[in-house]
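Undergrad: below is the sequence, then the predicted model.
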Amino acid sequence: MKRTHCLLCCLLLLATLLFPAAAADTQDLHTLTQNALLQLQQDTPSPVFSPVGGDWIVFSLARAGLIQPEDAYANDYYKRIVQTVRETAPSVSLQNGALHPVKSTENARLILALTAIGKDPRQIGGWDLLQPFDDFNWIKRQGVNAVAYALLALDSHSYEPADASVRTQCVDYLLQTQTADGGWTLYGDSADSDVTAIVLQSLAAYREWPDVATAAARAIDCLSAMQLETGGFATGDAETTESTAQILLALCAWQIDAAADARFLKDGTSVLDALLAAYLPQQNAFRHRPAQPDADEMATQQAALALLAYERLVNGQPFLFDCTDVPLTADPTMPEPATETTAPTETTEPPEMPTEAATEPTKTAAPTEPTDPAAATQADPIAETTAPVTAASTQTTAVRPAATTAAPEPTADRTETTPHTGDDHAVLAAVLLLGLGTAALALSRKKEARHAS
């Protein structure tokens, strides 16, 4: 009896020692994430429309509760975005709210950031940033990661495109482009870890579809096989923080604990362990590659996104890119955009590797963006894989040939007409004066010529 009593006492003592330690670890992880985000905010006092130093930082700070829509940081960013949209949307030949003729991750990444701070992307500077997503051909021009970010953007607040089939077209396209080894890629036939992770994030909302569940199971097994002995993931031949962050995001989307799932433990080291190994506490930031001594902004952005997602998973909250908990407000006073613009010639750009997430995201991917799928360039969370996203080291962007479609005419409510006024008489007078001046100049020249002869 005494032995049993002693054994129970030992077990209770052990429990009191272990469980507070676990709670402390969770708190430490929360503090680390908050410090990294606050450092990003301090280093980026004026975020702009960009997969790096812009949209993903605003998205992360908002989802972490570190900024509110009414805060100066968020409000000033919104004002800059309105100005950017007013200047950019009219210059794109599509004239439908697209911010780039090819890169749909630009719109996707911005939609995610605006949604996170409670701004309705359907009325920004007089433009509807959701309208271009009615054109699936435009979405897929940039490649697999762009289609994934389109789904993340549309599902971030259950936005309904005018073409109700767009979501199904996106999902079908992703299922059809899955590689033989179970993942996804922008180039070749073998899976890329970043792109596979970004696609998995976008398909998580459709897990009840049998074909999606089957494809996701194959992709998760594919990622497990790609994991390095360090617990991390590589883009090309080198392990990167962005790649590891994108996989952590994907696992969170599918409610898989990356710190405990046996499929993602290599020699006892988890995906979460590998990500935290890249943290530099003195700088409150993450490095791009494990051997590098200095911090990297894109790596820090994507690592913070992933840690936020993991914290939400542990706390039983919806996936990071699900922003339906954020009430949206629209600015009804926004003026209509000007229509006098010079439409650039639409060209097909060479493919870029992803880095955006949530995403664009975007490593560019994009996540893509917005990750660092490119060894040559660091990758938007819509990003851009990137993102972000792709949220990754460069915005995820890949261009696939697609049937060209005629650019839609600007809608009537966006066309500013110029009524006839008394100014017409002033124009006529100016023309007459110009004619008289021309005649006088000709007469003067004749006189000079006569004098010279």
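TA: Perfect, I can see it now. Note that this is a predicted model, so its numbers are computed, not measured.
Undergrad: okay, and for this structure, where does confidence drop off?
TA: 1-27, 332-453 (pLDDT under 70).
Undergrad: mind listing the helices for it?
TA: 2-43, 55-63, 72-88, 104-116, 136-140, 144-155, 166-176, 193-203, 210-226, 241-253, 271-276, 297-314, 423-452 (DSSP state H).
Undergrad: shouldn't residue 103 be in contact with residue 145?
TA: No: counting by Cβ atoms under 8 Å, residue 103 stays clear of residue 145, with 10.5 Å between them. In short, each C-beta sits where N, CA and C put it, glycine included.
Undergrad: between the two, which has more neighbouring residues?
TA: residue 145 (54 against 32; other Cβ atoms under 10 Å).
Undergrad: next one: the more buried one from residue 160, what distance?
TA: Computed with Cβ to Cβ, to the nearest Å, the distance linking residue 145 and residue 160 is 23 Å.
Undergrad: on that earlier part again, so for residue 125, which of the helices of the chain sits nearest?
TA: The minimum distance between residue 125 and those falls on helix 72-88, with 4.0 Å, by Cβ to Cβ.
Undergrad: how many residues are close by residue 330?
TA: 12.
Undergrad: burial check on residue 67, number of neighbours?
TA: There are 22 residues near residue 67, going by other Cβ under 10 Å.
Undergrad: my read: it touches residue 74, true?
TA: Yes: counting by Cβ under 8 Å, residue 67 touches residue 74, with 4.9 Å between them.
Undergrad: any shared contact partners between the two?
TA: Residues touching both residue 67 and residue 74 (Cβ atoms under 8 Å, 6 or more residues apart in numbering) are 58, 117.
Undergrad: now do residue 304 against residue 185, distance only.
TA: Residue 304 is 26 Å from residue 185, by Cβ to Cβ.
Undergrad: of these two, which one has the most company?
TA: Taking other Cβ under 10 Å, residue 304 and residue 185 do not tie; residue 304 has more neighbours (29 against 24).
Undergrad: need the contact list for that one.
TA: Contacts of residue 304 (Cβ under 8 Å, 6+ apart): 33, 36-37, 40, 60.
Undergrad: report how many residues lie close to the closest residue to it other than its chain neighbours.
TA: Excluding the flanking residues, the one nearest residue 304 by Cβ to Cβ, 6 or more residues apart in numbering is residue 36, at 4.8 Å. Residues lying near residue 36 (other Cβ under 10 Å) number 26.
Undergrad: which ones are touching residue 36?
TA: Residue 36 touches 279, 284-286, 300, 303-304, 307, counting by Cβ under 8 Å, 6+ apart.
Undergrad: redo that, cut-off 7 Å
TA: Listed by Cβ atoms under 7 Å, 6 or more residues apart in numbering, the contact partners of residue 36 are 284-285, 300, 303-304.
Undergrad: spatially, which two of those residues are the most separated?
TA: Every pair of the contacts of residue 36 checked by Cβ to Cβ; the farthest is 284 and 303, at 11.2 Å.
Undergrad: quick one: which of those two has more around it?
TA: Ranked by neighbour count (other Cβ under 10 Å), residue 284 and residue 303 place residue 303 first, with 26 against 19.
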